[in-house]
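Undergrad: Predicted model, plus sequence, below.
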Amino acid sequence: MELYSSIKKNEIRPCTATWMDLEISTLGETQQWPQDWKTSVFIPIPKKGNAKECSNYHTIALISHASKVMLKILQARLQQHVNCELPDVQAGFRKGRGTRDLIANIRWIMEKAREFQKNIYFCFIDYAKAFDCVDHNKLWKILEEMGIPDHLICLLRNQYAGQEATVRTGHGTTDWFQIGKGVRQGCILSPCLFNFYAEYIMRNAGLEETKAGIKIAGRNINNLRYADDTTLMAESEEELKSLVMKVKVESEKVCLKLNIQKTKIMESGPITSWEIDGETVETVSDFIFGGSKITADGDCSHEIKRRLLLGRKVMTNLDSILKSRDITLPRKVRLVKAMVFPVVMYACESCTVKKAERRRIDAFELWCWRRLLRVPWTARRSNQSILKEISPGISLEGMMLKLKLQYFGHLM
């Protein structure tokens with residue numbers, strides 16, 4: 001304590017900066033990473049189901065904070081190559097792009113197909129542990145083909161060489177072990193590196209050159225991607241099957257395998273049963289894509305109902321907090337707007353909201369405010385008196401409209 005109290009605030013930052021400058025300049029000259037910058041501590045986090053089964057856990061990785069400074073520098077160097085090499089259809093971990101863009105694209109494609117009375121076929125591909133199966137030697141060759149400078153590839157290769165990790169639980173830590181494949185968990189470069197890996201697969205599959213796909217405004221679109229989540233689309237079953245087999249073959253060349261059990265087909269026209277490697281690919285009438293339900297008929301009402309149910313669940317989970325007398329009413333209102341309403345509004349930018357859905361949205365909002373005030377439906381209080389007491393400002397429906405207008409501005 002005496003040591004820390006004797007250090008003045010203005011003495012800490014220059015000392016730290018000098019040390020970091022020395023470490024980074026040494027790393028730039030030797031291209032050798034300090035060993036503690038190459039270690040990871042895995043913390044298992046339970047998901048759901050039986051806690052005695054390892055498959056019901058996911059892990060987070062703790063890595064050196066100092067190493068993240070260097071990784072941030074490398075990320076900035078790689079970013080210019082990301083924008084040049086990756087196509088518009090890849091929205092994963094890219095600035096100004098996200099799942100809402102892919103969800104909107106699929107909804108609009110389905111709308112146009114219905115408008116022009118065309119059949120459309122989707123295949124939602126799922127890879128088996130994609131990020132964990134990346135082959136390091138193949139990754140370096142892919143980066144070289146993508147035009148990444150040799151000195152950056154050398155830095156990345158040396159970072160991955162000699163990686164060590166341990167697993168920490170409430171009972172202690174395991175022995176250190178080597179990691180021989182997969183992109184590094186917890187590293188800010190991993191999404192970028194995997195995007196290059198996935199782009200290599202799609203290029204070799206010839207998706208840009210093939211005529212299979214959906215023709216929109218003179219452009220042929222046959223895939224939409226968010227990192228490893230790949231959606232293939234075509235106007236006929238034969239074209240879609242051809243695309244899937246090409247992607248499957250090229251994926252296996254770089255050690256990625258399709259998870260047939262989780263790969264789904266959705267169509268608006270007739271389709272026969274599919275088999276890949278002796279396993280039947282399931283045909284579905286709806287699919288959760290990017291967190292939003294997409295239905296074969298393109299109707300958004302199913303997704304709106306689902307979102308309202310999810311919002312009710314979140315509101316119910318907040319009961320213990322909303323009952324507290326130590327929290328003021330305005331704070332509770334802000335809490336509902338921050339934690340409940342975003343669940344309902346997710347991906348609403350491309351939803352077609354009909355009059356019946358508007359009534360459901362208004363009813364849900366009033367249900368939230370009545371639950372917040374502990375007013376039962378049997379109580380003879382008008383909706384106007386509830387809204388006057390809450391003073392919520394803009395309504396939930398108004399918030400959704402605002403998001404739609406903002407997204408329109410984003411597209412323009």
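TA: Yes, it's here.
Undergrad: Every contact and neighbour count from this point should use C-alpha atoms.
TA: Fine.
Undergrad: residue contacts, the closest residue to Leu139 other than its chain neighbours?
TA: Leaving aside its chain neighbours, Leu139 sits nearest to Tyr197 (6.5 Å; criterion: Cα to Cα, 6 or more residues apart in numbering). When the contact criterion is Cα atoms under 8 Å, 6 or more residues apart in numbering, the partners of Tyr197 are Val134, Leu139, Ile142.
Undergrad: Which pLDDT does the model give the second one?
TA: Reading off the per-residue confidence, Leu139 sits at a pLDDT of 97.
Undergrad: With Asn56 instead?
TA: Predicted confidence (pLDDT) at Asn56: the value is 85.
Undergrad: Looks like it contacts Lys47 (just checking).
TA: Yes - taking Cα atoms under 8 Å as the contact criterion, Asn56 and Lys47 are neighbours in contact, 5.6 Å apart.
Undergrad: In a strand, Ile43, correct?
TA: Yes - going by DSSP: H, G, I helix; E, B strand; the rest coil, the assignment for Ile43 places it inside a strand.
Undergrad: Mind listing the residues bridging to it?
TA: With DSSP bridges as the criterion, the beta-bridge partners of Ile43 are Ile60.
Undergrad: And for it, the neighbour number?
TA: Taking other Cα atoms under 10 Å as the neighbour definition, Ile43 ends up with a count of 18.
Undergrad: wait, it sits on Thr59?
TA: Yes - if you go by Cα under 8 Å, Ile43 and Thr59 touch, sitting 5.3 Å apart.
Undergrad: which neighbours do the two share?
TA: In contact with both Ile43 and Thr59: no residue, using Cα under 8 Å, 6+ apart.
Undergrad: next structured bit after the helix or strand where Ser320 lies?
TA: Secondary structure here is read from DSSP states H and E; on that basis Ser320 sits in helix 319-322. Downstream of helix 319-322, the first helix or strand assigned by DSSP H and E is helix 329-339.
Undergrad: Spell out which residues make up each domain of this structure.
TA: 2-293, 300-411 (automatic domain parsing).
Undergrad: ok, and what's touching stretch 151-161?
TA: Gln31, Gln32, Trp33, Lys38, Leu74, Trp140, Leu143, Glu144, Arg184.
Undergrad: Take the helix or strand hosting Gly398, keep the C-alpha atoms, and write them as PDB.
TA: Gly398 is part of helix 396-411, with elements assigned from DSSP H and E. Output in PDB follows, covering the C-alpha atoms of helix 396-411 (Å, rounded to 0.1, in the frame of the first residue of the first chain):
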ATOM      1  CA  LEU A 396     -43.100   1.900 -28.500                       C
ATOM      2  CA  GLU A 397     -44.700   2.100 -31.900                       C
ATOM      3  CA  GLY A 398     -43.200   5.500 -32.400                       C
ATOM      4  CA  MET A 399     -39.700   4.200 -31.400                       C
ATOM      5  CA  MET A 400     -40.100   1.400 -34.100                       C
ATOM      6  CA  LEU A 401     -41.100   4.000 -36.700                       C
ATOM      7  CA  LYS A 402     -38.100   6.100 -35.700                       C
ATOM      8  CA  LEU A 403     -35.800   3.100 -36.200                       C
ATOM      9  CA  LYS A 404     -37.300   2.500 -39.600                       C
ATOM     10  CA  LEU A 405     -36.600   6.100 -40.700                       C
ATOM     11  CA  GLN A 406     -33.000   5.900 -39.300                       C
ATOM     12  CA  TYR A 407     -32.400   2.700 -41.200                       C
ATOM     13  CA  PHE A 408     -33.800   4.300 -44.400                       C
ATOM     14  CA  GLY A 409     -31.300   7.100 -43.900                       C
ATOM     15  CA  HIS A 410     -28.500   4.500 -43.300                       C
ATOM     16  CA  LEU A 411     -29.300   2.900 -46.700                       C
END
